[in-house]
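A.B. asks: One predicted model, sequence on top.
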Amino acid sequence: MLENFIYISDMIGVITCAISGVLVATRLRMDPFGIIVLAGVTGIGGGTLRDMMMGATPVFWIVDNTYIYVIILTALLSVLWLHRIHRFPAYLLPIFDAFGLAIFTIIGAQKALMLGFSGPVAIVMGCITGVVGGMIRDILSGQIPFVLQKEIYATASILGATLYVLCDYIELGPIFSMAIAMLGTLSLRLCAIYYHLSLPVFSNDREA
Amino acid sequence: MLENFIYISDMIGVITCAISGVLVATRLRMDPFGIIVLAGVTGIGGGTLRDMMMGATPVFWIVDNTYIYVIILTALLSVLWLHRIHRFPAYLLPIFDAFGLAIFTIIGAQKALMLGFSGPVAIVMGCITGVVGGMIRDILSGQIPFVLQKEIYATASILGATLYVLCDYIELGPIFSMAIAMLGTLSLRLCAIYYHLSLPVFSNDREA
Amino acid sequence: MLENFIYISDMIGVITCAISGVLVATRLRMDPFGIIVLAGVTGIGGGTLRDMMMGATPVFWIVDNTYIYVIILTALLSVLWLHRIHRFPAYLLPIFDAFGLAIFTIIGAQKALMLGFSGPVAIVMGCITGVVGGMIRDILSGQIPFVLQKEIYATASILGATLYVLCDYIELGPIFSMAIAMLGTLSLRLCAIYYHLSLPVFSNDREA
């Protein structure tokens, strides 16, 4: 039951991230291959780097090919959808995206703890799983990754991963741990979107 | 015999890709180290990522140092050549390059199948081996990877990898499988160059 | 004793590289997360790629979390420092940086030799450990990596790694080997800074 829930959530995360990759790719007038690549790196890039760093190879989508099919299908359906519908309901994307961030963060932290790594490593791995896919997508599109700039995005991921690790530490059980971590990431991220919150930005202009 | 043929083809692939890296590096007025790095990532970048993802570590060029020597030698000779010859026969490069793409694709798919991975994984690995080197080269040069844009390049790689996996599935034997996959990639890629074919490009301008 | 010296040198290397990441991040007006990420990739990015390529996973900072703490602490203190001090003593940075390059190069080559890899592989691994962190930093900042362009930076790393491998080959003992390699890298790099040396740049403009 719980495993099914995690698996389905993971797939929803992959789908929402893949859609955000498709949107960037079509904006840059990429060809079908470019669209699938951007869908793929956004959907499974973070988890791939996480697995390679932890030595959990072959990486997850080589073991379970469902991820490959889901990404190709998402890319195809998104392109068809964009061709039929005149305006994409753009206001929905950040919400899906926040959900993807939350679930990826938890899955990354969970996998690190299950493999016996320490709490700080689990937080870093949760964060890598959550944000690296979007960073590679931005680099491949010729942009400075937006998570490095000023929206509270990665911070929400760090919060979620930290909550999960703490809940796991006090042995709260997987369902409650996931629920609390999920709520933490989602609420911080959605508040940031709604109230246009940003963290302060540091500049060393004076140095020049 | 067959092994020798594969090995020599692989080296030719590395050399042609390394030359394309050198050409980009000299165009950007890089120093000798930059030239060797761009030759290296173009020549062995795709296979390195493939091996790291599959857990086939240490990666291939750590096990067989010939790759390192071939890349350094190719970089040096190319630079000397470019200094002596007034005009590089630029029309030859895409043909060499198509050959490199074809052989890398096959070698990537082959290695995945030999390690016991599934057909879809072998197709993805063939494609990664074929195109990722050029993608890293483009990113290091400050450009959006050209394979994501509109020439039929990656598509030729996908076709070749798929043909190889299918031939392997019906147990056609390695020589025929390689020949058919090679012909598929080469003919599609060379036709694309000759007739200036592109895949349709999708844009979501209407979304804005 | 020697182990302690290597470990402390490594940490100094991480700190100096992390500071250079912070300086780039603040110049681009990144948020706190972006600052930590740039500090992290500059400080441990090269060693991470080295370990993933050699199959020495989980990578070093997953095994020894001290690296994570050192990077976060360095990022925080640097930001505070930049806010208090009006002008950063910018002339000190290249000197710290040269020290970081020298120690990272040696540690990378050393690890490769200890794992039983060949001399040429150790040179490549030393060089990857020394320069890749800065390359990823530059790419994440939307710039062509400066080591690919015209200062004698990577060349100093290659020299140091080669000296270390040669000293190891003639069994000079770790302390002398490290001292000689360190001197080689440092003196070449500092001379390059002081005398504004560059390697010749190759261009194939005539090709156009």
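C.D. replies: Structure's in. What do you need?

A.B. asks: Neighbours of whichever residue of chain A sits closest to chain C, how many?
C.D. replies: Taking C-beta to the nearest C-beta as the measure, the point where chain A comes nearest chain C is residue A:55, at 2.8 Å. Heads up, the C-betas are built off the backbone N, CA and C, glycines and all. As a burial measure, the neighbour count of residue A:55 was computed by other C-beta atoms under 10 Å in any protein chain shown and equals 17.

A.B. asks: Show me what secondary structure element comes after the longest helix along chain A.
C.D. replies: Scanning chain A for the helix with the most residues, using DSSP state H, yields helix A:2-27. Past helix A:2-27, heading to the C-terminal end, the next element that is a helix or strand (DSSP states H and E) is helix A:32-54.

A.B. asks: Run the chain-centre distance for that next one.
C.D. replies: The gap between the average C-alpha position of helix A:32-54 and the chain average comes to 10 Å, counting by C-alpha atoms, centre = their mean, to the nearest Å.

A.B. asks: What of stretch A:75-82?
C.D. replies: Relative to its parent chain, stretch A:75-82 has a centroid offset of 20 Å by C-alpha atoms, centre = their mean.

A.B. asks: and what of stretch A:184-200?
C.D. replies: If you compare the mean C-alpha spot of stretch A:184-200 with that of the full chain, they lie 16 Å apart, counting by C-alpha atoms, centre = their mean.

A.B. asks: Same check on stretch A:44-63?
C.D. replies: Relative to its parent chain, stretch A:44-63 has a centroid offset of 14 Å by C-alpha atoms, centre = their mean.

A.B. asks: So which residues make contact with it?
C.D. replies: A:14, A:67-68, A:71, A:104, A:107-108, A:111-112, A:115, A:117, A:125, A:128-137, B:52-55, B:57, B:117, B:121, C:48, C:52, C:55, C:57-59, C:62 (C-beta atoms under 8 Å, 6 or more residues apart in numbering or on different chains).

A.B. asks: in chain A, which spans are strands?
C.D. replies: Listed in chain order, chain A contains no strands at all (DSSP state E).

A.B. asks: Of all residues in it, which one is closest to chain B?
C.D. replies: Distance from chain B to each residue of chain A (C-beta to the nearest C-beta) is smallest for residue A:57, at 2.8 Å.

A.B. asks: Ramachandran angles for that residue?
C.D. replies: The phi and psi values for residue A:57, taken as degrees, to the nearest 10, are phi -110, psi 150.

A.B. asks: burial of it, as a residue count?
C.D. replies: For residue A:57, the number of neighbouring residues by other C-beta under 10 Å comes to 21.

A.B. asks: how much space is there between it and residue B:132?
C.D. replies: Taking C-beta to C-beta, to the nearest Å as the measure, residue A:57 and residue B:132 are separated by 17 Å.

A.B. asks: Low-confidence bits of chain A, can you list those?
C.D. replies: Applying pLDDT under 70 to chain A flags the ranges A:1, A:84-93, A:150, A:197-208.

A.B. asks: Helices of chain A, start to end?
C.D. replies: Assigned helices in chain A, in chain order: A:2-27, A:32-54, A:60-63, A:66-84, A:93-114, A:119-140, A:154-169, A:174-195 (criterion: DSSP H).

A.B. asks: quick revisit: next one: phi and psi at the residue of chain A closest to chain C?
C.D. replies: Backbone torsions of residue A:55, given as degrees, to the nearest 10, read phi 80, psi 20.

A.B. asks: And for the one 10 residues further on?
C.D. replies: Main-chain dihedrals, residue A:65, degrees, to the nearest 10: phi -70, psi -10.

A.B. asks: Can you report how many residues lie near it?
C.D. replies: 15.

A.B. asks: Skip the chain neighbours and tell me the closest residue to it.
C.D. replies: If the residues on either side of it in the chain are set aside, residue A:65 comes closest to residue B:120, at 5.0 Å by C-beta to C-beta, 6 or more residues apart in numbering or on different chains.

A.B. asks: contacting residues for that neighbour?
C.D. replies: Residues in contact with residue B:120 (C-beta under 8 Å, 6+ apart) are A:65, A:68-69.

A.B. asks: ok so, going back, export the helices of chain A to JSON lines and tack on distance to residue C:81?
C.D. replies: Output for these, formatted as JSON lines (distance: least, C-beta to C-beta, whole Å):
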{"stretch": "helix A:2-27", "distance to residue C:81": "37"}
{"stretch": "helix A:32-54", "distance to residue C:81": "30"}
{"stretch": "helix A:60-63", "distance to residue C:81": "41"}
{"stretch": "helix A:66-84", "distance to residue C:81": "44"}
{"stretch": "helix A:93-114", "distance to residue C:81": "31"}
{"stretch": "helix A:119-140", "distance to residue C:81": "24"}
{"stretch": "helix A:154-169", "distance to residue C:81": "22"}
{"stretch": "helix A:174-195", "distance to residue C:81": "28"}
